[in-house]
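Trainee: The following comprises the amino acid sequence and a computationally predicted model.
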Amino acid sequence: MRIGIIMNGVTGRMGLNQHLVRSIVAIRQQGGVTLPGGGTVVPDPILVGRTEAKLREIARAHGIERVSTDLDSCLANPADAIYFDATLTSARVDHVRRAIAAGKHVYCEKPLAPTTAEALDLAHRARRAGVKHGVVQDKLFLPGIRKLKRLVDGGFFGRILSVRGEFGYWVFEGTDDDRPPQRPSWNYRKEDGGGIILDMFAHWRYLLDHTFGEVGAVQCTGATHIPERVDEDGRRYAATADDAAYATFVLAGRDGDIVAQFNSSWAVRVYRDDLLQIQVDGTLGSAVAGLRGCKTQSRAETLRPVWNPDGPNPFDFYDHWREVPDSGDVGNAFKAQWEMFLRHVAADEPFPHDFVEGAKGVQLAELGMQSWAERRWIDVPPLRNGEGGRG
Ligand SMILES: NC(=O)c1ccc[n+]([C@@H]2O[C@H](COP(=O)([O-])OP(=O)(O)OC[C@H]3O[C@@H](n4cnc5c(N)ncnc54)[C@H](O)[C@@H]3O)[C@@H](O)[C@H]2O)c1
């Protein structure tokens, strides 16, 4: 069975690398996605964007036939059932509204929208139109996070006390001749949907909710550490969006509240195993996870250091951790979620990562920004089936 997908934003970083090449092209090369009742669904993409020459070049490189610069005529074609969006966050709402109005099932990048109200509006519209909907929640499909989840579900930690996330790296400002910025400039302009809070809290929300317990409160301080950058055309611009966020969340864990602290920054240098590292400490054990690996230290293996500044430290603290073995790598995280979404559309398989889930990520970002502005803790009210809004 063929399934037509209108793919918008495939000239961008995420759209091209993760969604087109690593997901849709890879799924086509493996012969499609097997459906539960037998049969296979093979994605047939049409690449849509603003510059035909770029689209043709990408299409040619990956054996794709169809490209278009006219989104509305693509949406009018009943032969393509799915609309996918990896354009800028600020452009997404308009595209997704048009796709829903055309009766398409919609899958898109996070954050779903710049505001909770707009995200919930999309969820309402999708439900009313009876179309299937989903948002990228790729971190849940990473081997390191899956290992953490396995440890949580198996009770490895005992009572979980705290979670600490350290995310970030140095994003070059554009002022060094030999080291161009490794992220698009819109990320640093609020008016274009930029900012690390909107970008990363969308991830932290689903990661925390699905791994440890629902986020119930947030306290956040943001910063714009680098006030000026240089864009893709070599022009200086004012960085109007936050490039770092220092946040604490309270989660409803199975055995009581869990305190989670997350530092997110595009202005730090990395001295850890990965760009994202999460440490979990519980009464019976601890774990440190990166994107792929995860190490544990059980209570029995726990060292007993004593504070003594007068002599050399007798321990190599890194020595007393053991790797959690790999188990059934699901491959690229984006591809794994695409396969789920395609099974959801083609065979009605469950798909928990819907627009309401996407709206929760936007909500946490919005409440984080409110907390920063008002210098206070803010409760995160439940969002059920599109009900509720700002805290
Ligand atoms: N899941 C993740 O881990 C992850 C990581 C990075 C970015 N993202 C999200 O992916 C989206 C794209 O980010 P990116 O880093 O790939 O950005 P990018 O700037 O590299 O790509 C943006 C794409 O949108 C297109 N575009 C720009 N303005 C447009 C407009 N007005 N109308 C139509 N198309 C337009 C561009 O041509 C390009 O194809 C963002 O929403 C971002 O939050 C997700």
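Mentor: Happy to help now that I have it.

Trainee: Show the pLDDT at the residue in the stretch 251-391 of the chain that the ligand sits nearest to.
Mentor: Nearest to the ligand in the stretch 251-391 of the chain, going by C-beta to the nearest ligand atom, is Phe334, at a distance of 7.4 Å. Every C-beta, even on glycine, is put in place using the N, C-alpha and C of the backbone. Note for Phe334: predicted pLDDT of 97.

Trainee: helix, strand or coil for the most far-flung residue of the chain relative to its centre?
Mentor: Most distant from the centre of the chain: Asp310, at 45.3 Å, with distances by C-alpha atoms, centre = their mean. Secondary structure, DSSP: H, G, I helix; E, B strand; the rest coil: Asp310 is coil.

Trainee: Once you drop chain neighbours, what's closest to Asp85?
Mentor: Cys108 (4.0 Å; C-beta to C-beta, 6 or more residues apart in numbering).

Trainee: The residue of the chain found nearest the ligand: neighbour count?
Mentor: Nearest residue of the chain to the ligand: Gly12, at 2.0 Å (C-beta to the nearest ligand atom). Around Gly12 sit 18 other residues, with neighbours defined as other C-beta atoms under 10 Å.

Trainee: can you pull the contacts of the residue farthest from the centre of the chain?
Mentor: Counting by C-beta atoms under 8 Å, 6 or more residues apart in numbering, Asp310 makes contact with nothing.

Trainee: Could you pull up the contacting residues of the closest residue to Pro111 other than its chain neighbours?
Mentor: Counting by C-beta to C-beta, 6+ apart, Ala202 is the residue found nearest to Pro111 once chain neighbours are left out, at 4.1 Å. The contact partners of Ala202, by C-beta under 8 Å, 6+ apart, come to Lys110, Pro111, Leu112, Gly358, Gly361, Val362, Leu364, Ala365.

Trainee: pretty sure Ala202 is in a helix, no?
Mentor: Yes. Residue state for Ala202 (three-state DSSP) corresponds to a helix.

Trainee: sorry, back to before: can I get the contacts of Ala202 in JSON lines including neighbour count and secondary structure?
Mentor: As requested, the contacts of Ala202 are exported to JSON lines (neighbours: other C-beta atoms under 10 Å; DSSP: H, G, I helix; E, B strand; the rest coil):
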{"residue": "Lys110", "neighbour count": "28", "secondary structure": "coil"}
{"residue": "Pro111", "neighbour count": "30", "secondary structure": "coil"}
{"residue": "Leu112", "neighbour count": "33", "secondary structure": "coil"}
{"residue": "Gly358", "neighbour count": "28", "secondary structure": "helix"}
{"residue": "Gly361", "neighbour count": "28", "secondary structure": "helix"}
{"residue": "Val362", "neighbour count": "28", "secondary structure": "helix"}
{"residue": "Leu364", "neighbour count": "31", "secondary structure": "helix"}
{"residue": "Ala365", "neighbour count": "29", "secondary structure": "helix"}
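
Trainee: just the residues you listed that are near the ligand?
Mentor: Filtering these for proximity to the ligand by C-beta under 6 Å from any ligand atom leaves Lys110, Pro111.

Trainee: so where's the chain uncertain?
Mentor: Applying pLDDT under 70 to the chain flags the ranges 384-391.

Trainee: Kindly report the residues of it close to the ligand.
Mentor: Residues of the chain lying near the ligand (C-beta under 6 Å from any ligand atom): 9, 11-15, 49-50, 86-89, 91, 109-111, 136, 138, 184, 186, 199.

Trainee: let's see 8 Å
Mentor: 8-16, 18, 49-51, 54, 86-92, 95, 109-111, 136, 138-139, 183-184, 186-187, 193, 198-199, 202-203, 334 (C-beta under 8 Å from any ligand atom).

Trainee: didn't the residue of the stretch 251-391 of the chain closest to the ligand look like it was pressed against Val136?
Mentor: Yes. Using C-beta atoms under 8 Å, Phe334 is in contact with Val136, at 6.9 Å.

Trainee: okay, these two: which has more neighbours?
Mentor: Val136 (27 against 22).

Trainee: my guess is that one meets Lys110, correct?
Mentor: Yes. With contact defined as C-beta under 8 Å, Val136 counts as touching Lys110 (5.2 Å).
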